[in-house]
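> Got a predicted structure plus its sequence, pasted below:
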Amino acid sequence: MTTPHGIKKIAVLGAGLMGHGIALELAAHHRSVHLYDVSEQLLDKAVNRCRVGLKALNQAGLISFDEIETSISRISTSLDLSETVENTDLVIEAVSENLDLKRSLFRKVDKIAPSSAVLVSNTSTFLPSALAVATQRPLQVAGVHYYNPPHLLPGVEIIKGPETSDDTVELLTGFYTSIGKRPALIHKEIQGFIGNRLQVALLREAMAIVTSGHATAPEIDRVVRSRMGKLLSVAGPFELADNQGLDSVLALAESEFPMLAKDRSLPGVLMDKIHAGDLGVKTGRGFYDWTVESIEAWRKNMADSLIHMATNDR
Ligand SMILES: NC(=O)c1ccc[n+]([C@@H]2O[C@H](COP(=O)([O-])OP(=O)(O)OC[C@H]3O[C@@H](n4cnc5c(N)ncnc54)[C@H](O)[C@@H]3O)[C@@H](O)[C@H]2O)c1
């Protein structure tokens, strides 16, 4: 099998929000990327988004000015799947979240890509085993779950399916480490992986507190941002637990666990908003009221903050 440094040509299937970010990061790390989608218009838009992302990296001092266009030149686009995946070492699937669509692509790619190529999916929902069944190479199929925006968040979850080989895991771990990512291995595939499970657990508790009227959404956001968010960007929950003392953690668990939300039903506060048609920024109202200006300001602050963190992270 290929070595991590032997991964030179990479195909990215789906050039949307995630696909373009994945492509721009790979290109900025000197990899040749073949980007595939269903229309020229979408591919052109993706390349433009890559250029915008690369310019922001340049403005933050993360890449040189010359690297903007050099990186863009490493990205080729195609509407032809055969052209996209032939001679590739790694195929990263990032198309819309639809199992039939993903399986059909995996089936086709399996027939065209070199037998040594590893096929991964960026799906947030489907397990690697659900995609590996569509191929004749289940040992070389895994999940690689990026976070949005892929080029600014260093984490990726590498998800091992029941048939994924240790060689494949080693190759992916080595490859992602070599391009500056911080891969976390999920040894046995699990629904929601790590990141989404933790995020949803936090959201369930937060919504339970709002539903029961003990605090409002902005107050909870304030606590998360000013306390947990700051600590968790420096240390994970287990590092914090060790430093707190596991006997103290036990006392906390004994007193707090019985009070936590355990509902499998959907939170009342969420369903009330859905029924009222309040879907968040897309309708102008969710847990907050949004205007065009406040949405733009929020997005700018998020983008600037992520770039700032990526700069400090080097
Ligand atoms: N958005 C996120 O925050 C996020 C985070 C992690 C993982 N993901 C996963 O990444 C994947 C893509 O999500 P996204 O947010 O980029 O979606 P998106 O809608 O922005 O992009 C999906 C792209 O797939 C393309 N596509 C659809 N059918 C295709 C086909 N047959 N062949 C080629 N391309 C096709 C679409 O044209 C579109 O450009 C999903 O599996 C999603 O679960 C998303």
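Done, it's in.
> Report how many residues lie close to the residue of the chain found nearest the ligand.
Using Cβ to the nearest ligand atom, the single residue of the chain nearest to the ligand is Gly16, 1.9 Å away. To be clear about C-beta, it is placed using only N, CA and C from the backbone, and glycine gets the same treatment. Counted by other Cβ atoms under 10 Å, the residues lying close to Gly16 total 15.
> got it, and the one 10 residues further on?
Other residues near Leu26 number 24, with proximity taken as other Cβ under 10 Å.
> Could you pull up the residues touching it?
Counting by Cβ atoms under 8 Å, 6 or more residues apart in numbering, Leu26 touches Ile10, Val12, Val33, Arg74, Ile179.
> quick check, distance from whichever helix or strand the second one is part of to the centre of its chain.
Same thing as Val12. Val12 belongs to strand 9-13 when assigned by DSSP states H and E. Relative to the chain's own centre, strand 9-13 is displaced by 16 Å; criterion: Cα atoms, centre = their mean, to the nearest Å.
> Tell me the confidence at Met1?
With respect to pLDDT, Met1 scores 63.
> If you could redo that for Val234, that was the one I meant.
If you check Val234, the pLDDT there is 94.
> Would you double-check that Glu256 falls in a helix?
Yes: the assignment for Glu256 (DSSP: H, G, I helix; E, B strand; the rest coil) places it in a helix.
> my read: the residue of the chain closest to the ligand touches Ser96, true?
Yes: Gly16 is within contact range of Ser96, at 7.4 Å (criterion: Cβ atoms under 8 Å).
> just the contacts of Leu26 now: which is nearest Glu293?
Val12 (34.1 Å; Cβ to Cβ).
> Residue numbers of the stretch 51-200 of the chain in contact with the ligand?
Within the stretch 51-200 of the chain, the positions near the ligand by Cβ under 6 Å from any ligand atom are 94-97, 101, 122-125, 145-148.
> filter those residues to the buried ones?
Neighbour counting over these (16 or more other Cβ atoms under 10 Å) leaves Ala94, Val95, Asn122, Thr123, Ser124, His145, Tyr146, Tyr147 as the buried ones.
> which of these sit farthest apart?
Val95 and Tyr147 (17.7 Å).
> low pLDDT regions in this protein?
1 (pLDDT under 70).
> need the strands for the stretch 1-150 of the chain, in chain order.
Secondary structure of the stretch 1-150 of the chain (DSSP state E, counting those that start in this stretch): strands at 9-13, 32-36, 75-78, 90-93, 118-121, 141-146.
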